[in-house]
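Q: here is my input; please provide its structure:
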Amino acid sequence: MGVTVKTPGATAGPASTFSEITTNAHCTSGLLSGGGINQAIGTGTSSNGNKINGTSPSPDGSTEYTGSTGVVGTDVTYWLGIGGSGGAVNADFSSTPYALCFTSNLINHTQVVMNKLAGPTTSGTVGLVTATCPANTRLLGGGARITPASVGSLKPIASFPTFNNSAHDYGQKAAADGETNPDSWTAVGWNGGGGNSNNTTYAYAICSGNNINISGTTVKVRFSEVSGPTSATSGQTATVGCGGNDGKLVSGGAAISGGSVTTTDFTGPGSAGDHLNGSYPSDSGGTPVTDGTTTAAYWTASTHTGGTSSPSTSSDVWALCADDGV
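A: Model (predicted):
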């Protein structure tokens, strides 16, 4: 198995409040196993206004899978990075998308499964939705999206691997460090400022294709949780990596949460303004990798508070590491 990270660099914006910009990374060779996004937010209180609105697959670099649920695409090669704004903007805002492009003699086809949830509509509540891979396939990665952009307080605050079983409360508890072969991906929407009847949260699972013998393939979860951010207008990062015997990094996930996400049902963070600013392949120090990197082994989550303090908040990060046995 080989994995190459592709990224076009940063796209500036949004330049206006309650809006979003969309950019994409393209696998010019190989298939998409996962992807990410990283944002530049500037400094000062206006930095609170930049947030991730989506990190998700696309068939062509612009079209989104937001219609019917279930299997929505096959052999996808584009990853979207969608940056949104709340009630403040500054000239430093930008979003950089990342696509993880893999080649495998065994997993030579993939499929995207989408599930969606109406909500969340109430301030300070989560909307959790899980997409599950078809039987006898392997989860490789996943993503999350919220709409509409005009609701500036709405954002996805979690995107992580999980299992569709009772031990993980059918996607409400995340996969823990060292677990193998998760079969589902959960997305969590967070409404920081009030209701909107059109709010929607989308979860995407990137799965191996049908009719592939996956018995020799193992996907291992690596997970880390750190405390914070807790102060107003502050950030935190968390980084985790694939071990020497885990295989290649194929994707990752991130969350800002109430903590203990692998042992209890997901809860929201300490403040309604908390959000994600990054979920991306990195080095061990959390620096994003560059275009064309073939040795990425770490994943970083970048989290941020809003304009108020956020007690008892945690930052969570997952790496998915795959060994296809060939």
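Q: quick check: which ranges of this protein have low pLDDT?
A: Low-confidence segments of the chain, defined by pLDDT under 70: 194-195, 325-326.
Q: so what strands line up beside the helix or strand harbouring residue 39?
A: Counting by DSSP states H and E, the secondary-structure element that holds residue 39 is strand 31-40. Applying DSSP bridges to the sheet, strand 31-40 is found paired with strand 94-103 (antiparallel), strand 275-282 (antiparallel).
Q: list the buried residues for the longest one?
A: For strand 94-103, the neighbour count (16 or more other Cβ atoms under 10 Å) marks 94-102 as buried. Using the backbone N, CA and C atoms, a C-beta is placed for each residue, glycine as well.
Q: coming back round to it: closest one to residue 214 among the strands paired with strand 31-40?
A: Taking Cβ to Cβ as the measure, the strands paired with strand 31-40 were each checked against residue 214, and strand 94-103 came out nearest at 14.4 Å.
Q: partner strands of the helix or strand that the closest one is followed by, with direction?
A: Per DSSP H and E, strand 94-103 leads on to strand 110-118 as the next helix or strand towards the C-terminus. Strands that pair with strand 110-118, judged by DSSP bridges, come out as strand 70-74 (antiparallel), strand 200-208 (antiparallel).
Q: burial measure for residue 227, as a count.
A: By the other Cβ atoms under 10 Å criterion, the neighbourhood of residue 227 contains 12 residues.
Q: please disregard the earlier target; I meant residue 144.
A: Here the neighbour count serves as a burial measure; for residue 144 (other Cβ under 10 Å) it reads 31.
Q: list the contacts for it?
A: Going by Cβ atoms under 8 Å, 6 or more residues apart in numbering, residue 144 touches 54-56, 156, 158-159, 187-189, 201-204.
Q: okay if I get those residues as CSV plus distance to residue 117?
A: Formatted as CSV, those follow (distance: Cβ to Cβ, whole Å):
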residue, distance to residue 117
54, 15
55, 17
56, 15
156, 11
158, 13
159, 14
187, 8
188, 10
189, 7
201, 5
202, 8
203, 8
204, 13
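Q: nearest to residue 290, of the residues you listed?
A: The nearest member of those to residue 290, counting by Cβ to Cβ, is residue 55 at 18.7 Å.
Q: quick one, what contacts the closest one?
A: Listed by Cβ under 8 Å, 6+ apart, the contact partners of residue 55 are 35-37, 79-82, 97, 143-145, 156, 159, 279.
Q: give me the neighbour count for the closest residue to residue 163 other than its chain neighbours.
A: Excluding the flanking residues, the one nearest residue 163 by Cβ to Cβ, 6 or more residues apart in numbering is residue 182, at 5.3 Å. Residues near residue 182, counting by other Cβ under 10 Å, number 29.
Q: next one: residue 61
A: Neighbour count of residue 61, defined by other Cβ under 10 Å: 15.
Q: same question, residue 117
A: Every residue meeting other Cβ under 10 Å relative to residue 117 is counted, giving 17.
Q: residues contacting it?
A: Each residue near residue 117 by Cβ under 8 Å, 6+ apart is listed here: 127-129, 189, 200-201.
Q: tabulate the residues you listed (TSV), appending neighbour count.
A: Shown next, in TSV, are the contacts of residue 117 (neighbours: other Cβ atoms under 10 Å):
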residue	neighbour count
127	23
128	20
129	22
189	28
200	19
201	26
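Q: circling back: most tightly surrounded among the strands paired with strand 110-118?
A: For the strands paired with strand 110-118, the largest average neighbour count (mean count of other Cβ atoms under 10 Å) is found in strand 200-208, namely a mean of 27.
Q: how far off centre is stretch 234-250?
A: 14 Å (Cα atoms, centre = their mean, to the nearest Å).
Q: which SS class is residue 47?
A: Classification of residue 47 using DSSP: H, G, I helix; E, B strand; the rest coil returns helix.
Q: right, and it touches residue 85 too?
A: No: no contact is recorded between residue 47 and residue 85 when judged using Cβ atoms under 8 Å, the distance being 11.2 Å.
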